[in-house]
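> below are the sequence and a predicted model for it; my questions follow.
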Amino acid sequence: MEMKERKVLKSLQKFMLLKEILVIRGARQVGKTTLMKMLMKWLREKGVPDDRIIYFDLEDIDLLGLCNEGVDEVISYVKSRTSGTGKIFLFIDEIQYMDNPSSFLKLFYDHHSDEYKLIVSGSSSFEIRSKFKDSLVGRVIVFELYGLDFDEFLHFKGEKYNLKNIKSKLVHEELKRLFKEYLIYGGYPRVVLIENIEQKETYLKQVINTYLKKDIRDIGNIKNVQKFNNLLHILSDQAGSLVNINELANTVGIARETVYDYLFIMENTYIIKRILPYHKNIRTELTKMPKIYFEDTGILNFLRYGTFIEKLDGVLLENGVFSLFRKNLPVEIIKFWRTTEKQEIDFIIDMRNQPPIGYEVKLRYNGQPIRNLVYFKKKYPESSVNIVTLEKARHPKNRSINLLYPWEIF
């Protein structure tokens with residue numbers, strides 16, 4: 001199958017000739033190995049000889065054992081496979097399996113960075129963060145790889161559109177159909193490339209089962225996988241809602257501290273993300289509770305129904321809009337707004353030293369007043385406010401409110 005280029009590839013290429021170790025972090029099956037293979041192909045095109053490009057997959061127990069024996073053993077092995085001169089590019093896939101990757105990478109960088117350039121990947125942020133110590137500060141550059149954003153989805157589907165300048169109603173209708181597909185099945189590269197619906201479902205079910213049966217039990221050290229699974233399904237029904245820890249603990253039948261632990265693990269294994277409230281006045285702009293979203297809408301859809309339901313609702317669209325923000329903006333600037341009077345706006349983009357930008361998500365917009373946006377605009381006159389929808393039945397009477405399709409956000 002043809003390897004499709006990801007946006008992050010060009011960013012990685014810019015750092016390939018510098019000495020720092022490159023770390024590619026992301027969920028299982030999100031395309032890290034393919035990305036490494038594309039970097040290897042790029043190096044060959046730049047004239048780097050084949051034998052100066054070495055690839056280790058640490059799911060191979062022999063290679064894992066070699067790396068755990070230490071840097072000197074790895075160098076001895078690599079030298080037996082190479083000849084000539086020039087820097088060696090060593091790719092190590094699934095580095096989280098190592099006993100002490102932090103010490104290994106530090107020794108490589110401190111003593112061999114003139115001879116070796118390391119590019120490593122790991123499928124679990126939680127595991128990598130627990131094993132990567134502060135000693136690597138200044139020695140690594142971290143890239144996070146997510147599922148496909150909508151631009152990449154179109155590229156993988158072979159669809160060509162200039163999303164920055166669309167005037168045609170027909171093009172918007174075509175994009176609406178494609179965006180619905182993107183929301184329902186999500187952004188896992190393999191899921192996007194598979195045409196058969198049954199095969200998509202089988203593949204995504206396998207991703208979820210591997211996560212629950214292997215990653216969570218082994219990496220998260222979760223003993224009661226069933227209760228973890230129950231919490232995951234409850235969260236899928238509450239996507240886009242405030243996270244009430246006490247309520248979740250009572251429903252699942254676990255301690256509050258365990259809920260916090262489970263949420264931490266879910267967040268650091270790229271399943272969910274919590275976003276925080278935006279406020280300037282803590283007395284009136286409540287709440288300290290975060291909201292929860294899923295990193296992938298296909299995973300969300302499958303968890304909610306146990307299959308792919310080809311029907312859109314506001315929850316899926318809102319989560320899809322979050323996913324667009326998540327893949328294109330720093331997550332810490334993505335917030336929501338809620339007051340003591342329960343006035344709420346789905347998303348506030350809070351860029352430092354810039355006016356806030358509000359986005360309210362509606363499956364269909366019929367021209368009805370959006371009082372929360374008007375109130376926010378009065379409270380923050382410098383802000384801009386937007387309605388994001390898939391159906392523009394009518395434009396808002398208030399000219400200060402912009403009406404956007406999801407693909408028009410950026």
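Here it is on my side, so go on.
> next up, the contacts around I271.
Neighbour list for I271: A27, Y211, L232, F294, E295, I299 [criterion: CB atoms under 8 Å, 6 or more residues apart in numbering]. Quick note: C-beta positions are derived from backbone N, CA and C, even for glycine.
> repeat for Y278
Taking CB under 8 Å, 6+ apart as the test, what Y278 contacts is E285, K335, F336, W337, I348, D350, P356.
> so which helix or strand takes in S236?
If you go by DSSP states H and E, S236 is part of helix 225-237.
> show me where pLDDT drops low in the stretch 1-150 of the chain?
1-2, 125-134 (pLDDT under 70).
> on that earlier part again, which element follows the helix holding S236 toward the C-terminus?
Taking DSSP H and E, what comes next after helix 225-237 is helix 245-252.
> continuing past that following helix, what's the next helix or strand?
helix 256-268.
> for that next one, buried residues please.
T258, V259, D261, Y262, L263, I265, M266, E267, N268 (16 or more other CB atoms under 10 Å).
> hey, where'd the strands end up in this protein?
Here the chain has its strands, by DSSP state E, at 21-26, 53-57, 88-93, 116-122, 140-145, 272-277, 291-294, 334-338, 344-349, 357-365, 384-392, 401-404.
> adjacent strands (with direction) for the second one?
This means strand 53-57. strand 88-93 (parallel) (DSSP bridges).
> for the spatially most central residue of the chain, what are its contacts?
In the chain, the C-alpha nearest the mean C-alpha coordinate belongs to Y146, at 3.5 Å (CA atoms, centre = their mean). Y146 makes contact with G26, A27, V30, G187, Y270, E295, R326, K327 under the criterion CB under 8 Å, 6+ apart.
> likewise for M16?
Counted by CB under 8 Å, 6+ apart, M16 has contacts L22, L39, W42, L43, F89, K117, I119.
> need those in JSON lines (columns: distance to Q206).
Formatted as JSON lines, the contacts of M16 follow (distance: CB to CB, whole Å):
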{"residue": "L22", "distance to Q206": "29"}
{"residue": "L39", "distance to Q206": "26"}
{"residue": "W42", "distance to Q206": "30"}
{"residue": "L43", "distance to Q206": "32"}
{"residue": "F89", "distance to Q206": "32"}
{"residue": "K117", "distance to Q206": "34"}
{"residue": "I119", "distance to Q206": "27"}
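> of these, buried ones?
Using 16+ other CB under 10 Å as the burial test, the contacts of M16 include L22, L39, L43, F89, K117, I119 as buried.
> and those, which is closest to N244?
Set against N244, the nearest of the buried ones among the contacts of M16 by CB to CB is L22 (39.9 Å).
> what is the burial count for the residue lying closest to M351 once chain neighbours are set aside?
Nearest residue to M351, sequence neighbours excluded (CB to CB, 6 or more residues apart in numbering): I333, at 5.5 Å. Applying other CB atoms under 10 Å, we find 17 other residues in the vicinity of I333.
> who's in contact with I333?
Listed by CB under 8 Å, 6+ apart, the contact partners of I333 are I349, D350, M351, R352.
> can we see that at 6 Å?
I349, D350, M351 (CB atoms under 6 Å, 6 or more residues apart in numbering).
> okay if I get the residues you listed as a markdown table plus pLDDT?
Converted to a markdown table, the contacts of I333 look like this (pLDDT from 0 to 100):
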| residue | pLDDT |
| --- | --- |
| I349 | 97 |
| D350 | 94 |
| M351 | 90 |
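> who wins for neighbours among those residues?
I349 (20 neighbours).
> packing partners for the helix holding S236?
The contact analysis (3 or more CB pairs under 6 Å, 6 or more residues apart in numbering; DSSP states H and E) places helix 225-237 against helix 245-252, helix 297-305.
> identify the residues contacting V120.
Here V120 is in contact with V23, I92, I95 (CB under 6 Å, 6+ apart).
> give the bridge partners for it, please.
Bridge pairing for V120 - DSSP bridges - gives V23, I92.
> what separates it from L39, distance-wise?
Computed as CB to CB, to the nearest Å, the V120 to L39 distance reads 12 Å.
> most packed of the helices and strands packed on helix 225-237?
helix 297-305 (a mean of 22; mean count of other CB atoms under 10 Å).
> who touches that one?
Outside helix 297-305, the residues touching it (CB under 6 Å, 6+ apart) are 183-186, 191, 204, 233, 236, 239, 294, 316, 319-320.
> tell me the contacts of W337?
Neighbouring residues of W337 by CB under 6 Å, 6+ apart: Y278, I345, I348.
> could you measure from the residue lying farthest from the centre of the chain over to W42?
Using CA atoms, centre = their mean, the residue of the chain lying farthest from its centre is G84. It sits 40.2 Å away. According to CB to CB, G84 and W42 sit 20 Å apart.
> ok, and the closest non-adjacent residue to E391?
R364 (3.9 Å).
> report how many residues lie close to the one you found.
Count around R364 with other CB under 10 Å applied: 12.
> same question, E341
E341 has 10 nearby residues by other CB under 10 Å.
> any idea how far K377 is from it?
16 Å.
> for Y211, same thing?
Counting by CB to CB, the gap from Y211 to K377 is 42 Å.
> which one of those two has more residues nearby?
Between Y211 and K377, counted using other CB under 10 Å, Y211 has the larger neighbour count: 25 against 18.
> measure the more buried one to I349 for me?
For Y211, the distance to I349 - CB to CB - is 30 Å.
> ok, E144 next?
Distance from E144 to I349, by CB to CB: 19 Å.
> now swap in N328 and tell me
Taken as CB to CB, the span from N328 to I349 is 10 Å.
> what's the answer for S236, then?
Separation of S236 from I349 (CB to CB): 25 Å.
> next one: H155
H155 is 25 Å from I349, by CB to CB.
> which one is K4 nearest to, not counting chain neighbours?
Distances taken as CB to CB, 6+ apart put F156 closest to K4, at 5.1 Å, once the chain neighbours are dropped.
> report pLDDT for that neighbour.
Looking at F156, its pLDDT is 95.
> what number of residues lie near it?
F156 has 19 neighbours, counted by other CB under 10 Å.
> and if you look at F376?
Neighbours of F376 (other CB under 10 Å): 22.
> and L316, by the same measure?
23.
> pretty sure it sits against L183.
Yes - at 5.2 Å, L316 counts as touching L183 under the criterion of CB atoms under 6 Å.
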